[in-house]
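Engineer: What follows is a predicted structure for the sequence shown.
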Amino acid sequence: MRLSRAFLATLKENPAEAQIVSHRLMLRAGLVRQTAAGIYAWLPAGLRVLRNISQIVREEQDALGAQEVLMPTLQPADLWKRSGRYDAYGPEMLRIRDRHERDLLYGPTNEEMITDLFSQAVKSYRELPQVLYHIQWKFRDEVRPRFGVMRGREFLMKDAYSFDASYDDAVATYRRMMLAYLRTFQRLGVKAIPMVADTGPIGGDLSHEFLILAPTGESGVFFDAGFEEQDWLAEQVDTDDHASLGRFFERMTSFYAATDEKHDEAAWDHVPADRRREGRGIEVGHIFYFGRKYTESMGVSVTGPDGEAFHPEMGSYGIGVSRLVGAIIEASHDDNGIIWPDEVAPYRAAILNLKAGDAACDSVCEALYASDPDNLLYDDRGERAGVKFADADLMGHPWQIIVGPRGAAAGTVELKRRSTGERIEVPVADALARIA
Ligand code: ATP
Ligand code: MG
Ligand code: MG
Ligand code: MG
């Protein structure tokens, strides 16, 4: 992309409506614009980040054997009347009536719809397990939408739903999903820590919320720093083997981690003092086993090996894809702007032409840009060098390729790593390989 042609350049001033740093930076870097309270339009660079996050989420869901579907945003109220949640859900649900006076709603989540779809397709235990997911917009009429996309009313969620024949199988599915989440967040370049969460009336310990540390987080968190040293991408787990999944889960849960709601002082005392970490966190994911809650209430069963019908065991698993954009910025920025992790950055690098119009600078920049125009942002504007540096820092590209007249004449460029500020001079021919 040529910055001179970009739809929205950056803002110099801090927008008055933004209370937290990620919201300010998202507006200033031109990622989103609010169109109504808690509802956002995603602009080109913001959309690229949203897509990058979605793609990593998708790959990890696919890898565990989940199948992608796409359910609609609008749902018939009848489905929710069957589960009993239509009245229970309350004012967060946006209720809509069509011209035939039929009640619809903009889906805040999809347990009912997926259970209904499942019941139409699956008749026998032989077809289990099934894990289905989609990445779709949700609407929750939050009382106080705030912090930009972090607590929006319309937001993008990955939600997966599992169906198993037995409790043991459902636990194995839950553990596979846990591993997929750890891998997903690690690939996204964020430290999201799973913390035991309330399971409500079902009980047990099969619900975890994933929190990213940030001072503006809404929950207090307590955790064992040992967790942060784990490399979940290298974790050897035979996901077809319940015992291997069990060992992984035991190791994972051996690190103390809890939000203030579930904090247990007695257990905390057993964590070595130098490993105790306290802070605030933002919920970016939530996984949940809830058994037969919906298959029972909605009357959904399949035939077992003995010919008897039974209600499958279910779980649901959410990731706040649009919230993650804000949460990643909360966790990764400095006074000058965003610091995108490589994996989610809208562009892998910005090319800064410090003297647009200078023949050597222009030709070096054009040649670099032409080698990968989809993934490079070329600042070809006739602005001062200082403006270009400031904008590149603000937009947070992992690398800046700085092209000045002296270097260009000598066949070199400077590479700046956004996260460390480190700069190195390299031959033009090596520049793109160095940032790969
Ligand atoms: P919160 O506690 O923040 O209200 P929740 O517990 O109601 O979230 P879940 O039902 O667990 O949310 O949904 C799964 C994920 O969707 C959450 O972990 C979060 O990342 C995301 N999410 C929920 N509500 C919002 C929202 N209003 N705006 C953006 N993302 C959201
Ligand atoms: Mg909520
Ligand atoms: Mg919550
Ligand atoms: Mg939750």
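Structural biologist: Thanks, I have it. Numbering: from 1, shown residues only. Ligands and ions are numbered 1, 2, ... in the order given.

Engineer: Please identify which residue in the chain comes closest to ligand 1.
Structural biologist: With Cβ to the nearest ligand atom, the shortest gap between the chain and ligand 1 falls at residue 320, namely 2.1 Å. Placement of C-beta: from N, CA and C, glycine included.

Engineer: give the contact list for the closest residue to that residue other than its chain neighbours.
Structural biologist: When the adjacent residues along the chain are set aside, residue 320 lies closest to residue 284, with 5.3 Å between them (Cβ to Cβ, 6 or more residues apart in numbering). With contacts defined as Cβ atoms under 8 Å, 6 or more residues apart in numbering, the neighbours of residue 284 are 185, 190, 192, 210, 211, 212, 319, 320, 323, 324, 327.

Engineer: Of those residues, which belong to helices?
Structural biologist: Secondary structure assignment by DSSP state H places 185, 323, 324, 327 of the contacts of residue 284 in helices.

Engineer: Near ligand 1, list only the ones from those.
Structural biologist: For ligand 1, the contacts drawn from the ones in helices among the contacts of residue 284 by Cβ under 6 Å from any ligand atom are residue 323.

Engineer: out of the ones in helices among the contacts of residue 284, which is most surrounded?
Structural biologist: The residue in those with the most neighbours, by other Cβ atoms under 10 Å, is residue 324 (30 neighbours).

Engineer: just checking, that one touches residue 187?
Structural biologist: No: with contact defined as Cβ atoms under 8 Å, residue 324 does not count as touching residue 187 (11.9 Å).

Engineer: what's downstream of the strand or helix carrying residue 137, the next helix or strand?
Structural biologist: Secondary structure assigned from DSSP states H and E places residue 137 in strand 130-139. Using DSSP H and E, the helix or strand that follows strand 130-139 in sequence is strand 154-164.

Engineer: Can you name every helix or strand that that following strand contacts?
Structural biologist: Other helices and strands packing on strand 154-164, by 3 or more Cβ pairs under 8 Å, 6 or more residues apart in numbering; DSSP states H and E, are helix 44-63, helix 111-121, strand 130-139, helix 167-187, strand 313-320, helix 321-331.

Engineer: Please pull up the helix or strand immediately following the last one.
Structural biologist: When you say that, I think you mean helix 321-331. With elements assigned by DSSP H and E, the helix or strand that comes after helix 321-331 is strand 333-334.

Engineer: Tell me which strands that following strand pairs with, and in which orientation.
Structural biologist: With DSSP bridges as the criterion, the sheet partners recorded for strand 333-334 are strand 337-338 (antiparallel).

Engineer: For the strand it pairs with, the averaged confidence score.
Structural biologist: Per-residue pLDDT values over strand 337-338 give a mean of 98.

Engineer: contact partners of it?
Structural biologist: 25, 28, 29, 329, 332, 393, 394, 395, 396.

Engineer: 7 Å - rerun?
Structural biologist: Defining contact as Cβ atoms under 7 Å, 6 or more residues apart in numbering, one finds that strand 337-338 is touched by 25, 29, 329, 393, 394, 395, 396.

Engineer: of these, closest to residue 143?
Structural biologist: Of all the contacts of strand 337-338, the one sitting nearest residue 143 is residue 329; the distance, using Cβ to Cβ, is 24.1 Å.
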